[in-house]
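Student: The sequence and its predicted three-dimensional model are supplied below.
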Amino acid sequence: MSDDLAALETQVRDDLQKTAHPNAPWLKPKPGLDGQPALDVLIVGAGQSGIAIGFGLLRSQVTNFLVLDKAEEGQEGPWLSYARMPTLRSPKHFTGPDLDVPSLTYQSWHEAMFGKEHWDNLDRIPRGHWVDYLMWVRRMVDVPVRNGCEVIDIAPAANGLLAITVQSGDSLETLYARKIVLATGQEGMGNWTRPPALRHLPSSLCVTGAEPVDFAALRGKRVAVIGAGASAFDNAATALEAGAEVHLLCRRAEVQTVQPYHWLTFRGFLRHLSDLDDAWRWRFMKTVLEMREGFPQPTWDRCARHAGFHLHEGSPVESAQQLGNSVELQTPSGTYQADFVICGTGIEMDFAGRRELRNCAENIATWTDRYQPPEDERNARLGQFPYLAEDYALSERVVGQTPWIADIHLFAIAATMSFGASASSINAMTTAVPKLVQGLTRGLFCADIEQHWASFQAYDVKQASIVRKV
């Protein structure tokens, strides 16, 4: 470890100690059905959001929690799997997992690792460095994580607890928790999707952008990338760099070059969008999500420098036909032959498709259940996003059928319609995570109000000793 990094870690520990007040545990464990103390909070997902939430809980003196992730340590999140850009798309000065502790920012870590001059000359954060930084934050704030664990079922249990079935390899165990947070990124309430015209194709010819791809095997092949968002361009660039010819099919008349997420990065919007009424929340997020995520200049340049890159705007796929080991794609702009197809077309909501939600999927309220926008603002796809309570909790479609889902809190991309880019944007964490943590602690405090009242009535610690003169 370098002297600069060692000095930074000393500073972090000092900062955390100085800001720990009030350093007083305030939750008494509830017994689980197995006789062991139940967790106050179980966080599913140890990526950047899960670590930041755990850090937020620790700063609120909630220590009886656990973070689970199905990936091995260091492989959490998309960064080393389906994220195919060399650097983050966010500007380097955006902060997030640090929760406004200066010594925990990426800049502080980078300068300690590589020097201030290197930071000053840096354009965007290399993806691998971001992974290293997240692992450093996890170690410095001491968030408890268990890797190789997948949650496969959530059900109500006695005493207001949730029973969570966890699979680790071939073994199953049940954990009990008062609250659960699904910090599960893109796949939180659904999964990656292919356009309907492509769903009949075998996986040997067509995959989503989140699936493993042997790019080296695409050398000299014709690849069609469906979609024109940032991740679609990342997949196109990776295929081009492997030696493929790439046709990127954009359904819009023009690709999206404006990045709406840059506009909404001010604290007022990040902190208070969720305080607006449904009409305003819908209007803002519908407009943002229909624009899709724009790509930065380096992403375009990464594709455009290759002679084998072909952009086709106004080209939604209308039909697809398998022809032996290739695919024929029919679009309004023409017919295209491809040896392989990558769909960068995003996520669709599919609560029933998430096995951990099978006990409540049919009763999770959506935006369509709660709000009917004007006719010119309707969007059936966005209406399927979950309608969340003010503490990020799932809400019931039919009140009383599954009241226990009020203790399932969603901090994933599916929270976007209710809270904006809170769980899908690095710089939103500094406002969104405290809001979530406040919701969690409010629920835990209110549920224990009788105990707190009894403790208050019994409190008799004197802070002064009075000696009276005779």
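Tutor: Good, I have the coordinates.
Student: buried ones in whichever helix or strand residue 283 is part of?
Tutor: Assigned by DSSP states H and E, residue 283 belongs to helix 278-291. By neighbour count on 16 or more other CB atoms under 10 Å, the buried set for helix 278-291 is 281, 282, 284, 285, 286, 288, 289. Where C-beta positions appear, they are placed from N, C-alpha and C, glycine not excepted.
Student: swap in stretch 60-71?
Tutor: For stretch 60-71, by 16+ other CB under 10 Å, it's 60, 62, 64, 65, 66, 67, 68, 69, 70, 71.
Student: OK, contacts around the residue most central in space within the chain?
Tutor: Residue closest to the average C-alpha location in the chain (CA atoms, centre = their mean): residue 185, at 2.9 Å. Neighbour list for residue 185: 45, 47, 49, 77, 78, 412, 413, 423, 424 [criterion: CB atoms under 8 Å, 6 or more residues apart in numbering].
Student: From residue 145, how far off is the nearest residue to the fourth one once chain neighbours are set aside?
Tutor: Using CB to CB, 6 or more residues apart in numbering and skipping the chain neighbours, the partner closest in space to residue 77 is residue 47 (3.3 Å). Here the distance between residue 47 and residue 145 works out to 11 Å (CB to CB, to the nearest Å).
Student: Mind listing the shared neighbours of these two?
Tutor: residue 69.
Student: what about the helices in the stretch 301-450 of the chain?
Tutor: Shown for the stretch 301-450 of the chain, the helices assigned by DSSP state H, counting those that start in this stretch span residues 367-370, 380-383, 416-419, 429-447, 449-458.
Student: Compute the inter-axis angle for the fourth one and helix 449-458.
Tutor: So that's helix 429-447. Put simply, helix 429-447 runs at 70 degrees to helix 449-458, going by axes from the mean of the first three to the mean of the last three CA atoms, to 10 degrees.
Student: Helix 429-447: which residues count as buried?
Tutor: Applying 16+ other CB under 10 Å to helix 429-447 flags 429-437, 439-441, 443-444 as buried.
Student: average model confidence for that helix?
Tutor: Throughout helix 429-447, pLDDT has a mean value of 96.
Student: Need the contact partners of that helix.
Tutor: Contact with helix 429-447 is made by 26-27, 40-41, 48-49, 52-53, 55-57, 59-60, 62, 95-100, 160, 178-179, 181, 267, 270-271, 274, 390-393, 406-407, 409, 411, 419, 422-423, 452, as judged by CB under 8 Å, 6+ apart.
Student: Return the residues in contact with residue 470.
Tutor: By CB under 8 Å, 6+ apart, residue 470 has no neighbours at all.
Student: ok, it to residue 213 distance?
Tutor: From residue 470 to residue 213 the distance is 90 Å (CB to CB).
Student: Now stretch 230-242: buried residues?
Tutor: Buried residues in stretch 230-242, defined by neighbour count with 16+ other CB under 10 Å: 230, 231, 232, 233, 234, 235, 236, 237, 238, 239, 240, 242.
Student: As CSV, these with pLDDT and distance to residue 303 would be great.
Tutor: Formatted as CSV, the buried residues of stretch 230-242 follow (pLDDT from 0 to 100; distance: CB to CB, whole Å):
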residue, pLDDT, distance to residue 303
230, 89, 11
231, 91, 13
232, 94, 10
233, 95, 6
234, 96, 9
235, 97, 10
236, 98, 5
237, 98, 5
238, 98, 10
239, 98, 10
240, 98, 6
242, 98, 13
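Student: Quick check: helices, which of these are part of them?
Tutor: Secondary structure from DSSP state H places 230, 231, 232, 233, 234, 235, 236, 237, 238, 239, 240 of the buried residues of stretch 230-242 in helices.
Student: coming back round to it: and of the helices of the stretch 301-450 of the chain, who's closest to residue 86?
Tutor: Minimum separation from residue 86 across these (CB to CB) falls at helix 429-447, 22.8 Å.
Student: just the strands in the stretch 151-300 of the chain please.
Tutor: 162-168, 171-185, 190-192, 206-208, 222-226, 245-249 (DSSP state E, counting those that start in this stretch).
Student: Could you list the residues in contact with the fourth one?
Tutor: Contacts made with strand 206-208 from outside it, assessed by CB under 8 Å, 6+ apart, are listed as 192-194, 198, 213, 320, 327, 340-345.
Student: What mean pLDDT does that strand get?
Tutor: 97.
Student: What strands flank it, and is each parallel or antiparallel?
Tutor: strand 340-343 (parallel) (DSSP bridges).
Student: I'd like the average pLDDT over the partner strand.
Tutor: Averaging pLDDT along strand 340-343 gives 98.
Student: hang on, the earlier thing: looking at the strands of the stretch 151-300 of the chain, which has the lowest confidence?
Tutor: Across the strands of the stretch 151-300 of the chain, strand 190-192 gives the lowest mean pLDDT, at a mean of 88.
Student: Check which helices and strands that strand sits against.
Tutor: Counting contacts by 3 or more CB pairs under 8 Å, 6 or more residues apart in numbering; DSSP states H and E, strand 190-192 packs against strand 347-349.
Student: Quick check, residue 131 in contact with residue 81.
Tutor: No. The pair residue 131 and residue 81 fails to qualify as a contact (CB atoms under 8 Å) at a distance of 10.8 Å.
Student: between the two, which one's more packed in?
Tutor: residue 131 (19 against 13; other CB atoms under 10 Å).
Student: residues touching that one, list them.
Tutor: 74, 77, 79, 80.
Student: burial count for the nearest residue to residue 368 once chain neighbours are set aside?
Tutor: Leaving aside its chain neighbours, residue 368 sits nearest to residue 383 (3.7 Å; criterion: CB to CB, 6+ apart). As a burial measure, residue 383 scores 20 neighbours (other CB under 10 Å).
Student: same check, this time on the one 3 residues further on
Tutor: The local packing of residue 386 (other CB under 10 Å) involves 25 other residues.
Student: That one contacts residue 418, correct?
Tutor: Yes. Applying CB under 8 Å as the test, residue 386 and residue 418 come out as touching, 7.3 Å apart.
Student: what do these two both touch?
Tutor: Contacts common to residue 386 and residue 418, judged by CB under 8 Å, 6+ apart, are residue 367.
Student: per-residue pLDDT, residue 465?
Tutor: 88.
Student: Helix, strand, or coil at it?
Tutor: Classification of residue 465 using DSSP: H, G, I helix; E, B strand; the rest coil returns coil.
Student: With the one 4 residues further on instead?
Tutor: Remark: residue 469 carries the secondary structure label coil [criterion: three-state DSSP].
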